[in-house]
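**Student:** Mind looking at a prediction? Sequence and model below.
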Amino acid sequence: MKKLFFILLFAFSISTIYAQEIIYEQLTNLPYYGEKVRKTDGYLSDRCVLDIYYPKNTKDFATIVWFHGGGITGGEKEIPVALKDQGFAIIGVNYRLSPNVKAPAYIEDAAAAIAWTFNNIDEYGGDPTKIFISGHSAGGYLASMVGLDKSYLQTHGIDANNIAGLIPFSGHAITHFTVRKEQGIPGEQPTIDKYAPLYHVREDAPPLLLITGDRELELLGRYEENAYLMRMMKVAGHKETVLYEMDGYGHGMTHPAFPLLIKEVKRILVN
């Protein structure tokens, strides 16, 4: 009888574990602009799509919107493997690329994708108050621009301060080198204009976690740009700006940075 009891208890425990297992689904190539806009621009219609990887059998989960790198001239949307199966959704975004378009078109695309997330994530079970924005290199730049310059999301009726957290990986803090190239400025000449996250430092921004590679291995002073952004955010009165430098890693520092992103999401959710 005692043996039967433990067998039944074990069977119940196993069934409970399986009942609580999170099941994920991935949907691809969802347009994030409305049909009216898509009909006017074939390139926009083809390029401005996103993939979503989300837990099907849970509710009120957090979402990470992830923008790919590639210098705003290349790259493809991705769902980073390191972010999968963590209990939250990941949205991988494509955006228009230079030289097919010029600034601010790709920043506007990033804002439109984030607005789509705010307006639609609840249909998948997500909580629109738990949306985090991240990306690597050009993607980190786009995340910072939309998060700090409130005008891009205001176009969609969304307050950028409702973003739960900004976590750019090795993003430009000055004007992006591709934007400078469009303006006839060489990549070695730093500028700070309205297309620079540094231009939009403000006290009331969402929590900002800046992550870069080793200052001696990064591209064109990328660490120093982010260090200056951190300093000026603090000067502006922002209380939640942190900078991590990944010693020994160059610009492609995503692998060791992903755990920091996950940790930051969980930290903000608990607080």
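**Tutor:** The structure has been received and is ready for your questions.

**Student:** And the helices in the chain, which stretches?
**Tutor:** 2-19, 35-39, 42-47, 105-120, 138-148, 151-154, 177-182, 222-235, 254-270 (DSSP state H).

**Student:** ranking the ones you listed by burial, who's on top?
**Tutor:** Scoring the helices of the chain by mean neighbour count under mean count of other Cβ atoms under 10 Å gives helix 138-148 as the most buried, with a mean of 28. For every residue, glycine as well, the C-beta is placed using N, CA and C.

**Student:** mind exporting that helix as PDB, just the C-alpha atoms?
**Tutor:** C-alpha atoms of helix 138-148 as PDB (Å, rounded to 0.1, in the frame of the first residue of the first chain):
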ATOM      1  CA  ALA A 138      22.800  49.600 -35.300                       C
ATOM      2  CA  GLY A 139      19.900  47.900 -33.400                       C
ATOM      3  CA  GLY A 140      21.200  49.300 -30.100                       C
ATOM      4  CA  TYR A 141      21.300  52.800 -31.700                       C
ATOM      5  CA  LEU A 142      17.700  52.500 -32.800                       C
ATOM      6  CA  ALA A 143      16.600  51.300 -29.400                       C
ATOM      7  CA  SER A 144      18.300  54.300 -27.800                       C
ATOM      8  CA  MET A 145      17.000  56.800 -30.300                       C
ATOM      9  CA  VAL A 146      13.300  55.700 -30.000                       C
ATOM     10  CA  GLY A 147      13.600  55.400 -26.200                       C
ATOM     11  CA  LEU A 148      15.300  58.800 -25.600                       C
END
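
**Student:** what packs against that helix?
**Tutor:** Under the contact definition 3 or more Cβ pairs under 8 Å, 6 or more residues apart in numbering; DSSP states H and E, helix 138-148 sits against strand 61-67, helix 105-120, strand 126-136, helix 151-154, strand 165-169.

**Student:** can I get the ones you listed in CSV with mean pLDDT and distance to Ile79?
**Tutor:** Shown next, in CSV, are the helices and strands packed on helix 138-148 (pLDDT from 0 to 100; distance: least, Cβ to Cβ, whole Å):
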stretch, mean pLDDT, distance to Ile79
strand 61-67, 99, 7
helix 105-120, 98, 14
strand 126-136, 98, 12
helix 151-154, 98, 23
strand 165-169, 98, 15
